[in-house]
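Asker: missing the sequence, but the structure's below:
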């Protein structure tokens, strides 16, 4: 008698040998099934451990991100520094700090929010200047709260800028635009004037060479502009350096 097992021909001498072979095959199949089950459980445990570790790491990352998002606003709190006068501005030991600032609509007041979230209405004419959250220094120009960005301060001149909306309507089209206005004063404490050739000549005892340079800047359209390479106003480079 003979039979085929996995492409191998096996000679069986008796029925007893056949049943013995059948029992042997069943045992091996059972052992193989058990081995597969053990391997499956082992792999499953490894995968579960990996997932747990991955989730823990991600949880730590998410927690760190949430913590940073919570802390960052606190780090920027109090970045607005308000000055009641030039003397107050120079006194670095007496800082008046706020969280936010805005100009009240139709009223000559600033609305300040302190570090505790309380709002304070302060007349514009009692504020000399302020430094905003981006560390940009502004000088309050008038009682309406018009604020000028302080561009340059040296021992001869102070330059200010005011970027205003210059949107206009043409043939049912709205054309958005901005226009830069530039001002000057001799010092931070002095009167502020529009940056014009005749105003500079009135306020300064310029030499003939300086007057010539001033006139050339006006003709070239550079009187109120910055050098695109250096980032410095042409008038500073040519005259008030």
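Answerer: Received it, and whenever you're ready, just let me know what you need. These figures come from a predicted structure and were not determined experimentally.

Asker: what about the helices in this protein?
Answerer: Taking DSSP state H as the test, the helices found in the chain are 15-76, 86-90, 197-203, 208-219, 234-238.

Asker: roughly how far is the second one from the heart of the chain?
Answerer: Helix 86-90 has its average C-alpha position 29 Å from the chain's average C-alpha position, going by Cα atoms, centre = their mean, to the nearest Å.

Asker: which pLDDT value belongs to the residue positioned nearest the centre of the chain?
Answerer: To find the centre residue of the chain, average its C-alpha atoms and take the closest one (Cα atoms, centre = their mean): that gives residue 134, at 9.6 Å. The confidence metric pLDDT takes the value 90 at residue 134.

Asker: against residue 99, how distant is it?
Answerer: Taking Cβ to Cβ, to the nearest Å as the measure, residue 134 falls 14 Å from residue 99. C-betas here are computed from N, CA, C, even on glycine.

Asker: same check on residue 202?
Answerer: Taken as Cβ to Cβ, the spacing of residue 202 relative to residue 99 amounts to 42 Å.

Asker: which of those two has more neighbours?
Answerer: Comparing residue 202 with residue 99 by neighbour count (other Cβ atoms under 10 Å), the higher total belongs to residue 99, at 19 against 9.

Asker: can you list the domains in this protein?
Answerer: Each structural domain of the chain that the record assigns through automatic domain parsing is listed here as a residue range: 2-75, 78-145, 150-241.

Asker: worst average pLDDT in these?
Answerer: Minimum mean pLDDT among those: domain 2-75, a mean of 59.

Asker: how about residue 197, what does it touch?
Answerer: If a contact means Cβ atoms under 8 Å, 6 or more residues apart in numbering, then residue 197 has 214, 215, 218, 223 as its contacts.

Asker: quick check: closest non-adjacent residue to the second one.
Answerer: Counting by Cβ to Cβ, 6 or more residues apart in numbering, the nearest residue to residue 215 once its immediate chain neighbours are dropped is residue 197, at 6.8 Å.

Asker: go on, the first one?
Answerer: Here the nearest residue to residue 214 in space, its sequence neighbours aside, is residue 197; by Cβ to Cβ, 6+ apart that works out to 5.7 Å.

Asker: now a PyMOL select for only the buried ones of the contacts of residue 197.
Answerer: In PyMOL, the members of those classed as buried (16 or more other Cβ atoms under 10 Å) are selected with the following command:
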select buried, resi 214+218+223
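
Asker: of all the contacts of residue 197, which comes closest to residue 129?
Answerer: Nearest to residue 129 among the contacts of residue 197: residue 223, at 25.0 Å, using Cβ to Cβ.
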